[in-house]
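Undergrad: no FASTA, just this:
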């Protein structure tokens, strides 16, 4: 009796010890560190309205779209449990019946042919990223599975499995598989489709539905037969019916629209990313881009790109690139290319904002004007024709090279170059690498950056980079005043200001008031067209990515037609014309003489011009004309005046402006015998129409009464000035 008691007690103690050891093994079994990490998702990109247009793959996944178990509907979770682990809801992580059976089968065959892993064990394996069937690893997975069952619900385990498992063709998770093979969500799968999908993870490569459809369908039929034999088919389901009507597998790749834009979107770990893209505008851009290349491809244009930016936000609404050979791996909107004349608006904007110039300032457009400023730099106008004296408005509108370089020299080339950074325009090298030629386009810029800079002008000088995600933070810079931007926008939208270079039937005239600028790089390698209305900025580049020239095609032909097509589309979609400047305490308009930009003579033809308050002209244009009415120009126009291009009949102003009487240092004495009113000093100069100032006060006539003291006499005409000092004793 005592011996039996000792045996019973010993057996009980061993059982308790074994149970305790078992529980401790489960308790201390390590779970993979990534077990609690959410399933990896390939981000789905949505346009601004929430429509998906692209999925960003990873190195190992083409598509993965985790969803909750509740969102997977009825059939796929049921089919997965029934086929993979039909005692899933009863066991505690390890199915000992299945494990024993698998061990016996493996022993009989002398090799591992069955693993009997439960869904819980596979979740542990997926989290540990283990490959192969090593026995030690299987033991760790078994204890890890039992531990996981103590921490997670069955629903959590099943959801994790269905979101992580490989269904072939780099589709991970049930939702991605349902979309790929049936073009629908898991919740919408039929029973047959669910059974088909549930069988694929057993061997996703061997059962690949696209590459080995017969093998995949054979596995479907096998699973249907097994479910019927095991009595697991749901009530009302017939194996005969399921076998007679197998599911129709199709190929449904994730959306892949706007590929160049999609590659610019930073992935944030979110499964769905709302972007700035507008699919309607994008589709129009791609269609117009193809049509444009079909039209100009024969003229040597092999590649082109277009960017559309929302002015208010800086968000990219469309970005399309194309070439005659089809899509390239290169995003040409992000390629740095020589920018032609597209930087000139920023030069003149700085000139006006600094109050050094106005839109009415007279600038020389002559072959020799630059030689006074740069000895080793002598750019010419493309047409080799020169207009002589031009107002800044016409110089910019007609994109004249010489006035731009003259303006640059007066502002300071290095400072102007550096100020372009305020607009988000950055260059690979510093100013010394480019010199003054940067203003005519020998510097490379990116189309997307140029579009953002022009959008900054439309916002009144508030500049920030283009954005692809609306939620991205904005770091705004005040690059110029709103008033100066309004003047430049007015110039760029003035079709009459570009008639000399572009004519009446230019693609730049789209009807409604729209600001626009073109640029053609040296050697006809790049054509640009950038402009904006009230809502959008559109920028176009055309050329060849391999650097080949486009024949002799100017930007007005290589890029402007595509720009115009998009602008007209935007107007048809509800955009509004650019508003005219509005008078304010800092900005007002004034009628000026058409030829000189000065205060008009009586009866002279005038034009309306806008000025920052305090910068309007004070000089009357009369001082620029001789008695016969001929325009008198200073010596910098000498060669032009003598050339056939002198369409104005202008004459060279004789000599240098000088005060002929009184001479510098003259001393006069009052005559005590004459009344003071009769003692008047007549004033004479080398030019006929001077304005006279005595000690800074303007005189009404070219004479001054003799009054004791020391006096400073100033003569001014046509921007020139002469000074003489005299005294009266």
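TA: Nice, thanks for sending it over. Everything numeric here is computed off the predicted structure, so don't read it as measured data. Numbering: from 1, shown residues only.
Undergrad: pLDDT score assigned to residue 717?
TA: Listed pLDDT for residue 717 reads 84.
Undergrad: Name the SS class of the residue nearest to residue 67 when sequence neighbours are not counted, please.
TA: Closest residue to residue 67 apart from its sequence neighbours, by CB to CB, 6 or more residues apart in numbering: residue 175 at 4.8 Å. Using the backbone N, CA and C atoms, a C-beta is placed for each residue, glycine as well. Here residue 175 is recorded as helix under DSSP: H, G, I helix; E, B strand; the rest coil.
Undergrad: How many neighbouring residues does the spatially closest residue to residue 667 that is not a sequence neighbour have?
TA: Ranked by CB to CB, 6+ apart and with sequence neighbours excluded, the top spatial neighbour of residue 667 is residue 727, at 5.3 Å. The local packing of residue 727 (other CB atoms under 10 Å) involves 14 other residues.
Undergrad: my read is residue 727 is in a helix, agree?
TA: No - going by three-state DSSP, the assignment for residue 727 is strand, not a helix.
Undergrad: OK, contacts around it?
TA: Counting by CB atoms under 8 Å, 6 or more residues apart in numbering, residue 727 touches 666, 667, 668, 709, 710, 711.
Undergrad: follow-up on the earlier one: just list the residues touching the residue nearest to residue 67, thanks.
TA: Residue 175 makes contact with 65, 66, 67, 71, 72, 163, 185, 186, according to CB under 8 Å, 6+ apart.
Undergrad: What subset of those residues is buried?
TA: When these are checked for burial by 16 or more other CB atoms under 10 Å, the buried set is 65, 66, 67, 72, 163, 185, 186.
Undergrad: In helices only, show me those.
TA: residue 163 (DSSP state H).
Undergrad: what two of the buried ones among the contacts of residue 175 have the greatest distance between them?
TA: 163 and 185 (13.7 Å; CB to CB).
Undergrad: shared neighbours, these two?
TA: By CB under 8 Å, 6+ apart, the residues touching both residue 163 and residue 185 are 67, 175.
Undergrad: Do a quick rundown of the strands in the stretch 51-200 of the chain.
TA: Assigned by DSSP state E, counting those that start in this stretch, the strands in the stretch 51-200 of the chain fall at 52-55, 63-64, 171-172.
Undergrad: Compare these and report which one is nearest to residue 721.
TA: Between the strands of the stretch 51-200 of the chain, strand 52-55 lies closest to residue 721; by CB to CB that is 64.4 Å.
Undergrad: What helices and strands are in contact with the closest one?
TA: strand 44-46, helix 259-262 (3 or more CB pairs under 8 Å, 6 or more residues apart in numbering; DSSP states H and E).
Undergrad: Including mean pLDDT, could the ones you listed go into JSON lines?
TA: Below are the helices and strands packed on strand 52-55 laid out as JSON lines (pLDDT from 0 to 100):
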{"stretch": "strand 44-46", "mean pLDDT": "94"}
{"stretch": "helix 259-262", "mean pLDDT": "96"}
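Undergrad: Just the endpoints, please. Distance across stretch 148-157?
TA: 8 Å (CA to CA, to the nearest Å).
Undergrad: cool, and stretch 440-459?
TA: OK, stretch 440-459 end separation, CA to CA: 25 Å.
Undergrad: do you know how far the residue nearest to residue 667 is from residue 674?
TA: Using CB to CB, to the nearest Å, we find residue 727 at a distance of 19 Å from residue 674.
Undergrad: cool, residue 237 as well?
TA: 131 Å.
Undergrad: of the two, who's got more company?
TA: Just comparing residue 237 and residue 674: by other CB under 10 Å the higher neighbour count belongs to residue 237, 16 against 10.
Undergrad: wait, what's in contact with that one?
TA: Residue 237 makes contact with residue 191, according to CB under 8 Å, 6+ apart.
Undergrad: Backbone torsions only: list them for it.
TA: Note on residue 237: backbone dihedrals following degrees, to the nearest 10 are phi -90, psi 140.
Undergrad: Residue 192 versus that one, what's the distance?
TA: 9 Å.
Undergrad: Then residue 79?
TA: 10 Å.
Undergrad: so who does the nearest residue to residue 193 once chain neighbours are set aside touch?
TA: The shortest distance from residue 193 to any non-neighbouring residue, by CB to CB, 6+ apart, is to residue 247 (4.4 Å). Contacts for residue 247 (CB under 8 Å, 6+ apart) come out as 182, 190, 192, 193, 196, 220.
Undergrad: give me that answer again for 10 Å
TA: By CB atoms under 10 Å, 6 or more residues apart in numbering, the residues touching residue 247 are 181-182, 189-197, 209, 217, 220.
Undergrad: Show the average pLDDT along the helix or strand hosting residue 538.
TA: Residue 538 belongs to strand 536-543 when assigned by DSSP states H and E. Here strand 536-543 scores 98 as its mean pLDDT.
Undergrad: go on, stretch 321-337?
TA: On average, stretch 321-337 scores 84.
Undergrad: Next: stretch 604-613.
TA: 97.
Undergrad: How about stretch 474-494?
TA: 96.
Undergrad: Check the separation of the first and last residues in it.
TA: End-to-end distance (CA to CA), stretch 474-494: 31 Å.
Undergrad: what's residue 494 sitting at in phi/psi?
TA: phi -90, psi 100.
Undergrad: still on that earlier bit, which ChimeraX command selects the buried ones in the contacts of residue 247?
TA: Buried members of the contacts of residue 247, defined by 16+ other CB under 10 Å, are picked up in ChimeraX with:
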select :181,182,189,191,192,193,194,195,196,197,209,217,220
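Undergrad: Count the residues that sit near residue 462.
TA: Residue 462: 18 neighbours (other CB under 10 Å).
Undergrad: An error on my part: the question was meant for residue 59.
TA: 5.
Undergrad: Going along the chain, name the strands of the stretch 551-700 of the chain.
TA: Under DSSP E, counting those that start in this stretch, the stretch 551-700 of the chain gives strands at 587-593, 606-612, 632-633, 651-652, 659-661, 667-668, 680-682, 684-685, 691-694, 697-698.
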